[in-house]
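Participant: Prediction below, plus the sequence it came from.
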Amino acid sequence: MTTLSGIRRFAALVAAAALPAAAALAQASIEGSVRLPKPEHAPVMNKRYGIVAYAGVLSPYPPLAVVYLEGSFPPSEPKTAQVVQKDLTFVPYLLAVRVGTRVEFPNLDNTYHNIFSYSPAKRFDLGRYRSDERPIPSVVFDAAGLVTLRCDIHEHMRALILVVDTPHFVLSDAEGRYRLDGLPAGRYLLKVWVDSKTTLVRAVDLSPASALREDFP
Amino acid sequence: MIPSPERTSVASFRTKLLVAMMLIVTAVAAAGLAFAQRSAASAVRQEFQGEFREMLAASHAAQEVRDAALAERCRALARRPRIHAALEDGAPDLLYPSARDEMADVMGRAREAAAYSLHALYYRFLDSRGRVMTPPGAGEAGALEAGDEARLSLGSLPEAQQTGYLIRNSGEVDEVVAMPIVSTESGGVISAIVVGFRAPWAVAGGAGIRSGAWLDGRLAFPSLGEPERGVLASAMARAIGARGPAEGGLELSAGGDPYLLFYKLLNPGSLFPPAYEVSVYPLGSLLERQRRLLWQFGGAGALLLVGAFFASRLLSDRLSKPVEKLAEDSQENRAHWHRAEAALEMTSRELQRSARFSADASHQLKTPVTVIRSGLEELLAGDNLRPEAREEVAGLVHQTFRLASIIEDLLLLSRMDAGRLQIQFSRLDLAPLLAGLLDDLSAFPDAFGLGVDADLAPALWATGEKRFIALILQNLLENARKYNRSGGRIRIASRGQGEWAVVSVGNTGAPIPPASREHIFERFHRGAVGENVPGHGIGLNLARELARLHGGSLQLSVSEGDWTEFELRLRRSTGADAANPA
């Protein structure tokens, strides 16, 4: 399956590289940094809880932000992403996908997992399966919103999938730096998702080949 | 040997002793038995209560284990990811359907469950205000009447597990566990799951102990009949009142049977209404045991009393033996005493009779002697007597004087014997008295040619009656003259010696043989030596008696060789000496 996904990624890269060079020249970019919140309470076990909940807020840990440009974009070819279950955690614990993306949930542990979500953006229940389940259980996320992934067997396991209706999104690095490339010119809303209750919004006017710098806050 | 009154008094002593011992033994035994019975009864009662409490404790322990298991089940349920997802990820419609899956193994077969079953009867979720969220489908989360369901609501969401009890409208009792569901996102309580289980006492209890519940002023006690339930309910209402103690016990009688009742608050501090477990234990067998105990003690007491009766009897017999002996002895003593008294009485009577006889005789004799003397003196006064006859008659007159003197002495003695002689004590100087007596002595016709020596104190005062002292001294001087020898001597000496006035009268002549010395003072005794000496044997006796009556003494002081001497001691009147030193 690693091979399989590798092939798909490779195909995606080839498709991106095939874009006309002129269009690439005309495209704008935004870069900057997001001041990531320092979680006040460290999780009980390092890396075990990719998502921590505090005072009703779900945040990724270590903190990460999703930066995306909201606007009206033409539909793109459906993509596939993966959230694996390994060592009784979801990897990655924060995933951003465009609406219509199929996300596969391979089980890399030698125990059962049962991934489900009751989130309004996507309700599903993959049932119990083991690592040898074929095809790999997957879900197409067809509506924007935050989806909480849970495992029915392991109550501590949680992951977030942020479904956005844009092809232009990126995860910051651990320091909060990000860079969005290949952006079409136009007026958009630049959004930064920090946690389940916090999304920062800033209007941006992108001229062709401009390079903006937007730091939050 | 012992007269019957003594026998009966000893017998009555024995009876009294027996009765006293029996009374004491009965009292002690009764007190001891009563105490022992009471303590045994209380021991039995305590044993019963202990048994009861042990059974209760065992049942409570089992209940605790069950409650812990139930709580653990509920806690596990409250952690279920689907339930959390339904509550936290905005899917309330999926709450009961998700729970149905989760609860599938907890629910079911509860109706057939045993007393301590872990199967649930129903479950409900509470909303953020603690009210029951009614499940979408009837019977989806376990059937429950609307009224009963409403009573599962709490005023607010509980922070911790709550235990409660529900008496359903049908009268069944359920144990209810409310477990808060804590958000993993906010850390706050977002809901609670309330699970109803069959209460352990809904199923009929063991042989002895029976339990029910008291809640909201209602008693649920399926294993008791209606009348007993009524009594129990009013007893609980009294015992607990509005806010009663957490636990307690009491005894009550229901339907004619005594019960031990114990109640315990099951859910202290719970948000659910306080519920008491009410356990009763029939005391019928306890009373039976106590009755048996009473009989046993009664029997033991009777046996003890019978034993004590015989022991007391034996003991009282033993103890009364010496008393009987004492009574006999005292009786004998009394008899002796009576005899001695009678003898004394007789002696004294005889003595009096003889004294009276002597006195009578003396009186009777004095008159004829006087008649004879006056007759003889008349004869002497006549002229018709021849000179020889005249001498004869003169001798006879002299004899009448002697006779009169003897009679006088006898009369005196008899008066002394009768105790009728009273000495008129007065102060008396012995010196002139002795001088007079010595004059009389020298005037006496002297056949022996006696020489008289006198060694007299110039004045010697004594106390006494003069005529009796004179009589004593006359007797002594006469004896000294009579028992003297030819050409002998008489010696009279007087002196003061301390409190005594001592007069000694000595004479020469044959001494008194030692064997006779003891008897010379006896009445009518006459010395063996003096067969030819005139006398009647009362002189010394009279003298000594008179000396004694004067508080003095008369003794033979010397009688050896050619000398015999008597010594008279009289009480000296010393004060008079000082007053009249003449």
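Facilitator: Received, thanks.
Participant: Can you pull the residues of chain A lying near chain B?
Facilitator: A:53-58, A:116-120, A:123, A:148, A:150-152, A:154-155, A:158, A:196 (CB under 8 Å from any CB of the partner chain). All C-beta atoms are positioned from the backbone trio N, CA, C, and that covers glycine.
Participant: Quick check: nearest residue in space to residue 163, chain neighbours excluded?
Facilitator: Assuming you mean chain A. Sequence neighbours aside, A:F141 is the residue nearest to A:V163 in space, at 4.5 Å (criterion: CB to CB, 6 or more residues apart in numbering or on different chains).
Participant: That was the other one, I meant chain B.
Facilitator: B:N267 (4.4 Å).
Participant: Which strand residues bridge A:S29?
Facilitator: Counting by DSSP bridges, A:S29 is bridged to A:A211.
Participant: quick one: it and A:P184 touch, right?
Facilitator: No - in this structure, A:S29 is not within contact of A:P184 by CB atoms under 8 Å, at 11.2 Å.
Participant: circling back: do you know the pLDDT at the residue nearest to A:V163?
Facilitator: We note a pLDDT of 93 for A:F141 in this prediction.
Participant: what's around it, how many residues?
Facilitator: A total of 24 residues lie near A:F141 under the criterion other CB atoms under 10 Å in any protein chain shown.
Participant: For it, give its distance to chain B.
Facilitator: As judged by CB to the nearest CB, to the nearest Å, A:F141 and chain B stand 15 Å apart.
Participant: Tell me which residues touch that residue, please.
Facilitator: A:97, A:99-103, A:121-122, A:147, A:161, A:163 (CB atoms under 8 Å, 6 or more residues apart in numbering or on different chains).
Participant: Could you export the residues you listed as a markdown table, including secondary structure?
Facilitator: Listed next are the contacts of A:F141 as a markdown table, based on DSSP: H, G, I helix; E, B strand; the rest coil:
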| residue | secondary structure |
| --- | --- |
| A:V97 | strand |
| A:V99 | coil |
| A:G100 | coil |
| A:T101 | strand |
| A:R102 | strand |
| A:V103 | strand |
| A:A121 | coil |
| A:K122 | strand |
| A:V147 | strand |
| A:I161 | strand |
| A:V163 | strand |
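Participant: Narrow these to just the buried residues.
Facilitator: The neighbour-count test (16 or more other CB atoms under 10 Å in any protein chain shown) applied to the contacts of A:F141 identifies A:97, A:99-101, A:103, A:121-122, A:147, A:161, A:163 as buried.
Participant: now, which of those sits nearest chain B?
Facilitator: Checking the buried ones among the contacts of A:F141 against chain B by CB to the nearest CB gives A:V147 as the nearest, at 8.7 Å.
Participant: didn't that closest one look like it was pressed against A:I161?
Facilitator: Yes - applying CB under 8 Å, one finds A:V147 in contact with A:I161, separated by 4.4 Å.
Participant: Spell out which residues are contacts of both of the two.
Facilitator: Shared contacts of A:V147 and A:I161 (CB under 8 Å, 6+ apart): A:122, A:141.
Participant: and A:N107, what are its bridge partners?
Facilitator: A:Q85.
Participant: Mind jotting down where the strands sit in the stretch 301-450 of chain B?
Facilitator: Using DSSP state E, counting those that start in this stretch, the strands of the stretch 301-450 of chain B run over B:426-429.
Participant: Show me which residues of it are close to chain A?
Facilitator: Close to chain A, as judged by CB under 8 Å from any CB, the stretch 301-450 of chain B has no residues.
Participant: a helix runs through B:G230, doesn't it?
Facilitator: Yes - according to three-state DSSP, B:G230 belongs to a helix.
Participant: What's the local residue count around it?
Facilitator: Applying other CB under 10 Å, we find 14 other residues in the vicinity of B:G230.
Participant: Next, find the distance separating it from chain A.
Facilitator: Using CB to the nearest CB, one obtains 50 Å as the distance from B:G230 to chain A.
Participant: do the same with B:F310
Facilitator: For B:F310 relative to chain A (CB to the nearest CB), the value is 87 Å.
Participant: Ok, B:L287 next?
Facilitator: To chain A, B:L287 is 58 Å away according to CB to the nearest CB.
Participant: Please settle this for me: is that residue part of a helix?
Facilitator: Yes - secondary structure assignment places B:L287 in a helix (three-state DSSP).
Participant: Where does pLDDT dip in the chain?
Facilitator: By default, I'm working from chain A. A:1-26, A:39-49, A:55 (pLDDT under 70).
Participant: You answered for a different chain; I wanted chain B.
Facilitator: For chain B, the ranges with pLDDT under 70 are B:1-7, B:108-116, B:201-208, B:242-244, B:255, B:444-447, B:526-536, B:575-582.
Participant: in it, which spans are helices?
Facilitator: Residue ranges of the helices in chain B, as given by DSSP state H, are B:4-78, B:81-88, B:95-103, B:146-150, B:226-240, B:284-381, B:387-417, B:430-443, B:466-482, B:514-517, B:539-549, B:574-579.
Participant: Out of these, the one nearest A:V204 is which?
Facilitator: Proximity to A:V204, assessed across the helices of chain B by CB to CB, is greatest for helix B:81-88 (33.8 Å).
Participant: Let me see the residues that make contact with that closest one.
Facilitator: A:116-118, A:148, A:150-152, A:154-155, B:77, B:91-95, B:98-99, B:101-102, B:181, B:183-185, B:190-191, B:193.
Participant: how about the nearest residue to residue 131, chain neighbours excluded?
Facilitator: I'll assume chain A. Here the residue nearest A:S131, using CB to CB, 6+ apart, is A:N107, at 4.7 Å.
Participant: my question was about chain B
Facilitator: Nearest one to B:R131, counting by CB to CB, 6+ apart, is B:S153 at 4.7 Å.
Participant: ok, the one you found - how many residues close by?
Facilitator: For B:S153, using other CB under 10 Å, the count is 18.
Participant: how about stretch A:122-129: buried residues?
Facilitator: Across stretch A:122-129, burial judged by 16+ other CB under 10 Å covers A:122-126, A:129.
Participant: Which of these fall in strands?
Facilitator: Taking DSSP state E, the ones among these that sit in strands are A:122-126, A:129.
Participant: Who are the contact partners of the closest residue to B:R390 other than its chain neighbours?
Facilitator: Distances taken as CB to CB, 6+ apart put B:L380 closest to B:R390, at 6.3 Å, once the chain neighbours are dropped. By CB under 8 Å, 6+ apart, the contact list for B:L380 reads B:390, B:393-394, B:397.
Participant: Now do the helices in chain A.
Facilitator: Under DSSP H, chain A gives helices at A:2-17, A:21-26.
Participant: residue contacts, B:L154?
Facilitator: B:126, B:130, B:162, B:178, B:192, B:271-272.
Participant: swap in A:V91?
Facilitator: So A:V91 contacts A:50, A:83-85 (CB under 8 Å, 6+ apart).
Participant: which of the residues you listed has the most neighbours?
Facilitator: Highest neighbour count within these: A:Q85, with 25 neighbours (other CB under 10 Å).
Participant: can I assume that one is in contact with A:I115?
Facilitator: Yes - A:Q85 is within contact range of A:I115, at 7.3 Å (criterion: CB under 8 Å).
Participant: intersection of neighbour lists for these two?
Facilitator: A:105, A:151.
Participant: Centre-most residue in chain A?
Facilitator: A:A96 (1.5 Å; CA atoms, centre = their mean).
Participant: Give me the contact list for stretch B:12-20.
Facilitator: B:312-313, B:316-317, B:319-320, B:323.
Participant: Scan those and report the most crowded one.
Facilitator: Ranking those using other CB under 10 Å puts B:S312 first, with 22 neighbours.
Participant: Now do the contacts for that residue.
Facilitator: Counting by CB under 8 Å, 6+ apart, B:S312 has contacts B:18, B:21-22, B:25.
Participant: would CSV of the contacts of B:L380 with distance to B:A69 and neighbour count be doable?
Facilitator: As requested, those are arranged in CSV below (distance: CB to CB, whole Å; neighbours: other CB atoms under 10 Å in any protein chain shown):
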residue, distance to B:A69, neighbour count
B:R390, 167, 13
B:V393, 162, 18
B:A394, 161, 15
B:V397, 157, 16
